[in-house]
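Participant: give the three-dimensional model of this entry:
(one chain, ligands or ions: 1)
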Amino acid sequence: MELTDVVRRRRMVRNFIDEPVAPDVIDRVLENGLHAPSAGFSQGWAFLRLDEPDAVARFWTAASPPDGGTDSWSEGMRRAPVIIVAMSSKQAYLRRYAEPDKGWTDQDEARWPAPYWDIDTGMASMIMLLTVVDEGLGACFFGIPPERTGPFCAEFGVPDDYRPIGALAIGHKAPDRRSPSLKRGRRTASEVVHRGRWGGTSAE
Ligand SMILES: Cc1cc2nc3c(=O)[nH]c(=O)nc-3n(C[C@H](O)[C@H](O)[C@H](O)COP(=O)(O)O)c2cc1C
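Facilitator: Numbering: from 1, shown residues only. You can find the predicted model right below:
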């Protein structure tokens with residue numbers, strides 16, 4: 001598929017049919033994600049691959065709010081046979097940038113213009129979402145509620161220096177309901193692109 005087609009076709013899919021995804025497709029999704037850029041080539045990310053029904057069920061139990069979080073949205077999502085949890089390590093970046101070629105030996109967080117650990121893991125997640133589209137499947141990136149981060153990490157033995165930034169539910173698409181958020185409409189280039197200066201619309 002052409003890149004523009006992949007990009008334009010990508011949608012967060014929240015409803016899946018009950019059909020497994022071939023393991024080599026999941027391999028490809030993950031491998032592509034590992035080609036994301038990362039600051040200082042730190043690659044301070046990790047991905048938990050859950051592709052067995054029992055593991056997926058344990059994920060939903062650990063990551064859902066006490067009421068079970070069983071609204072109509074998550075109902076369709078829970079049928080996804082694959083969950084990939086994307087995790088980032090701030091410590092990996094602080095350590096990497098303390099190396100001689102970077103030299104931030106104080107490991108001061110104030111040096112960071114933005115949390116690159118989360119940005120890079122998000123970039124890897126984006127490549128995975130696009131690969132899913134290219135494979136003719138659907139996916140949704142969604143957050144794990146902060147109060148469920150601890151239970152999730154405990155359930156899956158995630159070490160202290162890694163924290164989930166979100167999860168991808170992946171599977172074969174079922175007819176989807178549009179997210180109410182889409183009513184907001186896509187912001188146009190003229191609204192968000194500033195040419196030459198803030199508010200600039202053309203080369204002036
Ligand atoms: C960082 C991030 C977190 C998101 N969290 C959720 C979520 O928790 N639940 C959900 O249903 N969708 C979630 N979404 C999906 C957005 O609602 C969706 O991307 C947006 O409405 C635009 O729709 P589209 O991606 O289908 O174009 C998230 C997207 C991003 C980028």
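Participant: Ser190 and Gly200 touch, don't they?
Facilitator: No - if you go by CB atoms under 8 Å, Ser190 and Gly200 don't touch, sitting 11.0 Å apart. For glycine as for every other residue, the C-beta is placed from the backbone atoms N, C-alpha and C.
Participant: ok, longest strand in the protein?
Facilitator: Longest strand in the chain, counting residues (DSSP state E): strand 163-171.
Participant: helices and strands around that strand, which ones?
Facilitator: Applying 3 or more CB pairs under 8 Å, 6 or more residues apart in numbering; DSSP states H and E, we find strand 163-171 packed against strand 82-88, helix 116-134, strand 138-142, helix 146-156.
Participant: out of the ones you listed, which gets nearest to the ligand?
Facilitator: strand 138-142 (3.4 Å; CB to the nearest ligand atom).
Participant: for Ser72, report the pLDDT, please.
Facilitator: Looking at Ser72, its pLDDT stands at 65.
Participant: just the pLDDT at the nearest residue to Met1 once chain neighbours are set aside, thanks.
Facilitator: Closest residue to Met1 in three dimensions, ignoring its sequence neighbours and counting by CB to CB, 6 or more residues apart in numbering: Asp134, at 5.3 Å. Looking at Asp134, its pLDDT is 98.
Participant: give the buried residues for the helix or strand bottoming out on mean pLDDT in the chain.
Facilitator: Across the helices and strands of the chain, mean confidence by mean pLDDT, DSSP states H and E is lowest for helix 72-77: a mean of 81. When neighbours are counted by 16 or more other CB atoms under 10 Å, the buried residues of helix 72-77 are found to be 73-74, 76-77.
Participant: rebuild the helices and strands packed on strand 163-171 as a markdown table, extending it with distance to the ligand and mean neighbour count.
Facilitator: Formatted as a markdown table, the helices and strands packed on strand 163-171 follow (distance: least, CB to the nearest ligand atom, whole Å; neighbours: other CB atoms under 10 Å):
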| stretch | distance to the ligand | mean neighbour count |
| --- | --- | --- |
| strand 82-88 | 10 | 23 |
| helix 116-134 | 7 | 21 |
| strand 138-142 | 3 | 22 |
| helix 146-156 | 12 | 15 |
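Participant: closest to Ser64 out of the ones you listed?
Facilitator: Taking CB to CB, helix 146-156 is the member of those nearest to Ser64, at 6.8 Å.
Participant: partner strands of the longest strand of the chain, with direction?
Facilitator: strand 82-88 (antiparallel), strand 138-142 (antiparallel) (DSSP bridges).
Participant: just put these in a markdown table and tack on distance to Arg195 and mean pLDDT.
Facilitator: Formatted as a markdown table, those follow (distance: least, CB to CB, whole Å; pLDDT from 0 to 100):
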| stretch | distance to Arg195 | mean pLDDT |
| --- | --- | --- |
| strand 82-88 | 33 | 98 |
| strand 138-142 | 30 | 97 |
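Participant: can you redo those as CSV with distance to Val158?
Facilitator: Below are those laid out as CSV (distance: least, CB to CB, whole Å):
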stretch, distance to Val158
strand 82-88, 7
strand 138-142, 18
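Participant: hmm, who's touching the next helix or strand after the longest strand of the chain?
Facilitator: Using DSSP states H and E, the helix or strand that follows strand 163-171 towards the C-terminus is helix 189-192. Contact partners of helix 189-192, identified using CB atoms under 8 Å, 6 or more residues apart in numbering, comprise Thr201.
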